[in-house]
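Colleague: here is my input, please return the structure:
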Amino acid sequence: KSHTLCRCCSRHAFHRQHKTCAQCGYPVAKLCLYEWGQKAKRRKTTGTRCMHTLKDVLRRFNNRFGENTIVKKRVGPIAEA
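Modeller: Residues are numbered from 1 along each chain as shown. From the prediction side, this is the model:
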């Protein structure tokens, strides 16, 4: 057996002697991506994992990064009886 479970991607691709993962490239910080593998890039791209901080950035982008602003009070239509 040359490969075992990778602690980063949980695939059975971590080479025991080389100490590198064939799937994700662990322990290198960046994911292993090649230009000839377009399908693999689609599987590993942004949005396919949990996106801890990017979820927050996307929400803030939609709100135009309105930090340190005061929310204006919304006044509804006045109903007369």
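
Colleague: what helices and strands are in contact with the longest helix anywhere in the chain?
Modeller: Assignment by DSSP state H gives helix 54-62 as the longest helix of the chain. Judged by 3 or more C-beta pairs under 8 Å, 6 or more residues apart in numbering; DSSP states H and E, helix 54-62 has no packing partners among the helices and strands. Placement of C-beta: from N, CA and C, glycine included.

Colleague: starting at the chain centroid, how far to that helix?
Modeller: 12 Å (C-alpha atoms, centre = their mean, to the nearest Å).

Colleague: may I see the buried residues of that helix?
Modeller: Residues of helix 54-62 classed as buried by neighbour count (16 or more other C-beta atoms under 10 Å): none.

Colleague: contacts made by it with the rest, please.
Modeller: Residues from elsewhere that reach helix 54-62, judged by C-beta atoms under 8 Å, 6 or more residues apart in numbering: 46-47, 66-67.

Colleague: residue 27: which of those is nearest?
Modeller: Set against residue 27, the nearest of those by C-beta to C-beta is residue 46 (21.3 Å).

Colleague: measure the closest one to residue 31 for me?
Modeller: Per C-beta to C-beta, to the nearest Å, residue 46 is found 11 Å from residue 31.

Colleague: ok, and the closest non-adjacent residue to residue 9?
Modeller: Leaving aside its sequence neighbours, residue 9 sits nearest to residue 24 (C-beta to C-beta, 6 or more residues apart in numbering; 4.1 Å).

Colleague: doesn't that neighbour belong to a helix?
Modeller: No. According to DSSP: H, G, I helix; E, B strand; the rest coil, the state of residue 24 is coil, so it is not within a helix.

Colleague: neighbours around it, how many?
Modeller: For residue 24, the neighbour count with other C-beta atoms under 10 Å is 20.

Colleague: that one touches residue 7, doesn't it?
Modeller: No. Residue 24 is not in contact with residue 7 according to C-beta atoms under 8 Å; the separation is 10.1 Å.

Colleague: picking that back up, of residue 46 and residue 31, who's got more company?
Modeller: Taking other C-beta under 10 Å, residue 46 and residue 31 do not tie; residue 31 has more neighbours (17 against 7).

Colleague: the more buried one contacts residue 37, doesn't it?
Modeller: No. Residue 31 is beyond contact range of residue 37, at 11.6 Å (criterion: C-beta under 8 Å).
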